[in-house]
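Chemist: Predicted model and sequence follow; I will ask about them next.
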Amino acid sequence: MPPLPSSTASAVQIQQFYDKGLSHASYAVRCGRQVAIIDPARDPQPYYDFADEHEADIVAVIETHPHADFVSSHLEIAQETEATIYCSELVGAKYPHKTFDDGDRITLGTVELHAINTPGHSPDSISILLLDELAQSRAVFTGDTLFVGDVGRPDLREDEAVGGHKREELAAQLYRSTRNKLMTLPGTTRVYPAHGPGSLCGKTTSPDLDSTIARELKTNYALQPMSQEEFVKVLLEDQPFVPKYFGHDVQLNRQGAPSFEDSIRAVPHPGSNAALEPGVLIIDTRPAAQFRAGHLPSALNLQDGGKFETWLGSIIGPAEPFYLLSDSQIGLDAVVRKAAKIGYEGNIKGALLAPLVLPNTSPAVDVAQVRQNPDAFTIVDIRNRAEAKTPVFENALLIPLPELRERAHEIPTTKPVLVHCAGGYRSAVGASIVQNALPGVQVLDLGEAIAEFQKQEVH
């Protein structure tokens, strides 16, 4: 994705790179011919291109914390450019690095980058304050501590594998980090977070991709006057689900990931008619209509789309092998690269084009019948719990998509099963999951027709 326009003033340039698929923002900070990269994505090429365009050298790569929702290229960039990696001592990083904590600073041309320990989203989170030539606060790169309109969620480090930190304790740390450190910065300081809207690292993030401290003090619900106890309670309410891959990525980022392109080249590409290993998941990424017309037995229809990588890592565990299937080489390459963004490329048993013989079909839904007699179906709502607070059908069984593979056996089989989500994308994979779990049961995907029923609810 092309980078957003940069902001320039004085001798420093800030360039934001934004990946909509993961709602992830990373940054290049340039002063003269020196560049620091902050929270880089898995593919390092855009940062190399930026440096080359400005005839500059990447001298520093800074990680605000070990990310849960994507794999960072910090180690690869350092190996390629001989840049130094900086992160908090609390990370326990396994790669070569320099610690970067309260009081530490990096000189970049005529400006400085200062470390601020801001635990809360994770115990090892830092923010990075940019001071200009006059020692004035210009910008703060807040990682997952402070977003536009939100703060980072504090419930991603509870598993023992990622530290066993209680959410209430991290939420209390986040209260102090915001109040004692970020909220005391000058109001004109620009805020550059690591995520935008749709990120599962927050819950109410604004569509804006940057802000100022003054604006956040005025509009961000989490920065309004309240006690620590009130903050913890509000913050922990209605947090979104945690994808299966998050803990895996924290550990991978602590180690440092292998080369992006080398990892992609290592993915096997069997022929479309190759024999597939029994029992290995098949992820069919073609459009739902094509899948219904013909697919391989036991395939799951996770369509390539704007949030493919998030749903891949929400449905499939980090230790599960799978095949990826597409209808074009371009499409296949795209989904392999998306899988690699969350560190799943090593799970791909094979990436292949759809074979000509696709023996299984899925029935089409009779929308008029659903409208006239919804009680004739066992209706399964696979939206998230917060979405489902406004039900579309009475008596629907709520099983959010990330839980569906584990809970499909709870679905009664005395009637045809009708699966729906909010817009049709998730229900395609949901219906295929239920069909595999309940062989012999008629399973229907309401798909995009859900919009008609949502309109009825409004009226």
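Modeler: Happy to help now that I have it. Numbering: from 1, shown residues only.

Chemist: got the CA positions of stretch 325-336 in CSV?
Modeler: Output in CSV follows, covering the C-alpha atoms of stretch 325-336 (Å, rounded to 0.1, in the frame of the first residue of the first chain):
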residue,chain,number,x,y,z
LEU,A,325,-6.3,-22.4,-2.7
SER,A,326,-7.1,-19.6,-5.2
ASP,A,327,-8.4,-19.2,-8.7
SER,A,328,-5.4,-17.2,-10.0
GLN,A,329,-1.7,-17.0,-9.5
ILE,A,330,-2.0,-13.3,-8.6
GLY,A,331,-4.6,-14.1,-6.0
LEU,A,332,-2.6,-17.0,-4.6
ASP,A,333,0.5,-14.8,-4.3
ALA,A,334,-1.6,-12.2,-2.5
VAL,A,335,-3.0,-14.6,0.2
VAL,A,336,0.4,-16.2,0.8
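
Chemist: For beta bridges, what are the partners of Thr107?
Modeler: Under the criterion DSSP bridges, Thr107 forms beta bridges with Glu112.

Chemist: okay, now the domains of the chain?
Modeler: Domain assignment for the chain by automatic domain parsing gives 7-249, 258-353, 367-458.

Chemist: Compare those and report which one is nearest to Thr361.
Modeler: Closest to Thr361 of the domains of the chain is domain 258-353 (CB to CB; 6.0 Å). Placement of C-beta: from N, CA and C, glycine included.

Chemist: how far does that closest one stretch from start to finish?
Modeler: Using CA to CA, to the nearest Å, one end of domain 258-353 lies 26 Å from the other.

Chemist: for the record, mean pLDDT for that domain?
Modeler: Mean per-residue pLDDT for domain 258-353: 97.

Chemist: residue boundaries of the strands in the stretch 351-459 of the chain?
Modeler: 378-381, 397-398, 417-420, 443-445 (DSSP state E, counting those that start in this stretch).

Chemist: thinking again about what came up before, can you redo the domains of the chain as CSV with mean neighbour count?
Modeler: Converted to CSV, the domains of the chain look like this (neighbours: other CB atoms under 10 Å):
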stretch, mean neighbour count
domain 7-249, 20
domain 258-353, 18
domain 367-458, 18
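
Chemist: JSON lines for those domains, including distance to Asn360?
Modeler: Formatted as JSON lines, the entries for those read as follows, by distance: least, CB to CB, whole Å:
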{"stretch": "domain 7-249", "distance to Asn360": "26"}
{"stretch": "domain 258-353", "distance to Asn360": "5"}
{"stretch": "domain 367-458", "distance to Asn360": "9"}
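
Chemist: Can you give the distance of stretch 441-452 from its chain's centre?
Modeler: Chain-centre distance of stretch 441-452: 27 Å, with CA atoms, centre = their mean, to the nearest Å.

Chemist: nope, stretch 398-413 is what I meant
Modeler: Using CA atoms, centre = their mean, the offset of stretch 398-413 from its chain centre is 23 Å.

Chemist: Outside of whichever strand or helix holds Arg30 itself, list whatever touches it.
Modeler: In this assignment (DSSP states H and E), Arg30 forms part of strand 24-31. With contact meaning CB atoms under 8 Å, 6 or more residues apart in numbering, strand 24-31 is reached by 11-19, 35-41, 47, 50-51, 54, 56, 69-70, 108-111, 113, 130, 141, 192-196, 199, 209.

Chemist: Over to stretch 339-349 now: how far is its first residue from its last?
Modeler: 12 Å.

Chemist: Residues touching the next helix or strand after the strand holding Arg30, excluding its own?
Modeler: Next in sequence after strand 24-31, counting helices and strands by DSSP H and E, comes strand 34-38. Defining contact as CB under 8 Å, 6+ apart, one finds that strand 34-38 is touched by 26-29, 47, 50-51, 54, 56-62, 64, 74, 77, 83, 106, 108-109, 113, 128, 141.

Chemist: For strand 34-38, the averaged confidence score.
Modeler: Averaged over strand 34-38, pLDDT sits at 98.

Chemist: Would you mind getting the angle between that strand and strand 24-31?
Modeler: Orientation check (axes from the mean of the first three to the mean of the last three CA atoms, to 10 degrees): strand 34-38 against strand 24-31 gives 160 degrees.

Chemist: Neighbouring strands of strand 34-38 in the sheet, and parallel or not?
Modeler: Sheet pairing for strand 34-38, assigned by DSSP bridges, gives strand 24-31 (antiparallel), strand 57-62 (parallel).

Chemist: For the chain, which segments are assigned as helices?
Modeler: Listed in chain order, the helices of the chain (DSSP state H) span 45-53, 74-81, 167-177, 213-219, 228-236, 246-255, 260-265, 288-293, 308-315, 329-341, 367-372, 401-407, 425-437, 450-458.

Chemist: Would you format the ones you listed as TSV with distance to Pro154 included?
Modeler: Formatted as TSV, those follow (distance: least, CB to CB, whole Å):
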stretch	distance to Pro154
helix 45-53	29
helix 74-81	23
helix 167-177	4
helix 213-219	18
helix 228-236	7
helix 246-255	13
helix 260-265	30
helix 288-293	36
helix 308-315	20
helix 329-341	24
helix 367-372	41
helix 401-407	20
helix 425-437	26
helix 450-458	33
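
Chemist: Figure out which of the ones you listed is closest to Gly187.
Modeler: That would be helix 213-219 among the helices of the chain, by CB to CB, at 3.2 Å.

Chemist: elements contacting the closest one?
Modeler: Secondary-structure packing of helix 213-219 (3 or more CB pairs under 8 Å, 6 or more residues apart in numbering; DSSP states H and E): strand 190-193.

Chemist: before we move on, the earlier item: nearest to Asn117, of the helices of the chain?
Modeler: helix 167-177 (7.7 Å).

Chemist: what does the closest one rub up against?
Modeler: 117-123, 125, 145, 151-152, 154-155, 157-158, 228, 231-232, 235-236.

Chemist: what's the closest of the helices of the chain to Leu356?
Modeler: Of the helices of the chain, the one closest to Leu356 (CB to CB) turns out to be helix 288-293, at 12.9 Å.

Chemist: Just the CA coordinates for that closest one, please, in CSV.
Modeler: The C-alpha trace of helix 288-293 is given here as CSV (Å, rounded to 0.1, in the frame of the first residue of the first chain):
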residue,chain,number,x,y,z
ALA,A,288,-18.4,-17.3,-2.1
ALA,A,289,-20.5,-17.8,-5.3
GLN,A,290,-17.6,-19.8,-6.9
PHE,A,291,-17.2,-21.8,-3.7
ARG,A,292,-20.9,-22.7,-3.6
ALA,A,293,-20.8,-23.8,-7.2
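
Chemist: Appreciated, that's everything.
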